[in-house]
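> sequence first, predicted model second:
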Amino acid sequence: MKIRILGAGPAGLSFAALMKRLDPSHDVAIVERSPRDATWGFGVVFSDRALEFLRADDEPMYQLLTPLMETWPNLTIVHNDTPVPITGNGFAAIGRLELLGRLYAHAEALGVRIEFDSEVTSLDDPALAGADLIVGANGAFSWVRNEHETEFGTETDLRPNRFIWYGTRRVFDSLSLTFRETEHGVFCAHHYRYSPGMSTFLVEVTDATWQRAGFARMDEQETIRHCEQVFARDLEGKSILSNKSCWRQFPAITNRQWSFGNVVLMGDALRTAHFSIGSGTRLAMEDAIALWKTLRDAGSLPQALALYQERRLPPMKKILDAASASIRWYERMDELIKLSPIDFAYSYMTRTGRVDHEEMTRRAPRLAMAWEHSHPEIFGASY
């Protein structure tokens, strides 16, 4: 097959490597508009067992990436100055540039061509001529999807909260979510280390807080200084670092149809999952595995593309439903912060509906017990 992939992110790179490994005679090339060493953001995080999902289908990728991960077993919720440690929630993280660099090298070693600094903006571009399969893996703002919203049945819901993706040299012991009340409203920092000397530090606020704080009138340095003041205790004197960081709103994107003709979507081009559930990169790589399997198993390209959506949609929908619930929890931060630290942490852990009290007792028994003690009206005076 002649395969052309738009976007050299985790989805496109993983799919390209899998297809070359399946059959080295496949003509696989990736077109990437950015330079080789360019990326925005800092670290990316994986929940649960890190890259364990790769072991069955892509053992080489698993062995390549797992040793590079920063790992920790717990989660910490910080309610103003009260930390609530929560066991049973393991995570792993890696720098985004480190991840992409390793994926570039892995794909190229298998014979994949990656054409950096190449801008393609139309399916009629000569770079795509004669392709049997065109894969749109070019992110949440994919022109492939935007130019063909009717064919894909695209729906976009731009959520009101604002977030900005920073880094810091303050190294954190666990993935932490720090919520601080200010005169303008609640500020939340999603922070975790992704290398021995660096951490991601993503700041999120409601739109009302963003407006009251006056961020619309601030330049980059003023914005950083304001966030440093809010989280001064957490940063412990370390600075916030920017990488062309800017305030954004999360676009919740879905598509009713994942392909048309010989064009198919993967990763954030296909659907977006809120960063609070830590599954975006994993979903992208799982998309690649799913599409690779259907191309391997099906008798024709149309059958493969139909089977890709049929097989992949049910497990993906569970995560998207959880992500939607998580988004709405963060949009209520200013209201929920009035809860006690224990009630607040418990509310966070049960926000998606996937964790009930029985599961909480199994995962985080100390938090479950503390919540029981604080609610004798539910559990009785014996508590």
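Cool, got the structure.
> need the residue closest to the centroid of this structure.
Central residue of the chain (C-alpha atoms, centre = their mean): residue 280, 3.0 Å from the mean position.
> that one contacts residue 269, correct?
No: taking contacts as C-beta atoms under 8 Å, residue 280 lies outside contact range of residue 269: 11.9 Å. Heads up, the C-betas are built off the backbone N, CA and C, glycines and all.
> ok, back up a step: three-state assignment of the closest residue to the residue nearest to the centre of the chain other than its chain neighbours?
Nearest residue to residue 280 in three dimensions, chain neighbours excluded: residue 273, at 5.3 Å (C-beta to C-beta, 6 or more residues apart in numbering). Under the three-state scheme (DSSP: H, G, I helix; E, B strand; the rest coil), residue 273 adopts coil.
> and residue 36, by the same measure?
For residue 36, the assignment made with three-state DSSP gives coil.
> where does it fall, phi/psi-wise?
Backbone geometry at residue 36, expressed as degrees, to the nearest 10, gives phi -60, psi -40.
> quick one: residues contacting it.
In this structure, residue 36 makes contact with 104, 114, 116, judged by C-beta atoms under 8 Å, 6 or more residues apart in numbering.
> swap the cut-off to 10 Å and go again
Residue 36 makes contacts with 8, 100-101, 104, 114, 116-117, as judged by C-beta atoms under 10 Å, 6 or more residues apart in numbering.
> residue 268 versus that one, what's the distance?
Residue 36 sits at a distance of 20 Å from residue 268 (criterion: C-beta to C-beta, to the nearest Å).
> can you tell me the helix or strand for residue 4?
strand 2-6 (DSSP states H and E).
> residues of that strand that come out buried?
Residues of strand 2-6 classed as buried: 3-6 (neighbour count, 16 or more other C-beta atoms under 10 Å).
> helices or strands next to that strand in the packing?
helix 10-22, strand 27-31, strand 133-136 (3 or more C-beta pairs under 10 Å, 6 or more residues apart in numbering; DSSP states H and E).
> list the buried residues in the host helix or strand of residue 158.
Take DSSP H and E as the rule and residue 158 turns out to sit in strand 154-168. Taking 16+ other C-beta under 10 Å as the basis for neighbour counts, the residues of strand 154-168 that come out buried are 154, 159, 161-168.
> just the CA atoms of that strand, as PDB, please.
In PDB, the C-alpha atoms belonging to strand 154-168 read as follows (Å, rounded to 0.1, in the frame of the first residue of the first chain):
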ATOM      1  CA  THR A 154     -17.900  16.700  13.000                       C
ATOM      2  CA  GLU A 155     -19.300  18.200  16.200                       C
ATOM      3  CA  THR A 156     -17.200  20.700  18.300                       C
ATOM      4  CA  ASP A 157     -18.100  21.900  21.700                       C
ATOM      5  CA  LEU A 158     -15.700  24.700  22.900                       C
ATOM      6  CA  ARG A 159     -15.800  24.500  26.700                       C
ATOM      7  CA  PRO A 160     -15.700  27.700  28.700                       C
ATOM      8  CA  ASN A 161     -12.700  27.000  31.100                       C
ATOM      9  CA  ARG A 162      -9.400  28.500  30.200                       C
ATOM     10  CA  PHE A 163      -6.000  26.700  30.500                       C
ATOM     11  CA  ILE A 164      -2.400  27.400  29.800                       C
ATOM     12  CA  TRP A 165       0.300  24.700  29.600                       C
ATOM     13  CA  TYR A 166       3.500  25.700  31.400                       C
ATOM     14  CA  GLY A 167       6.500  23.900  32.800                       C
ATOM     15  CA  THR A 168       8.700  24.400  35.900                       C
END
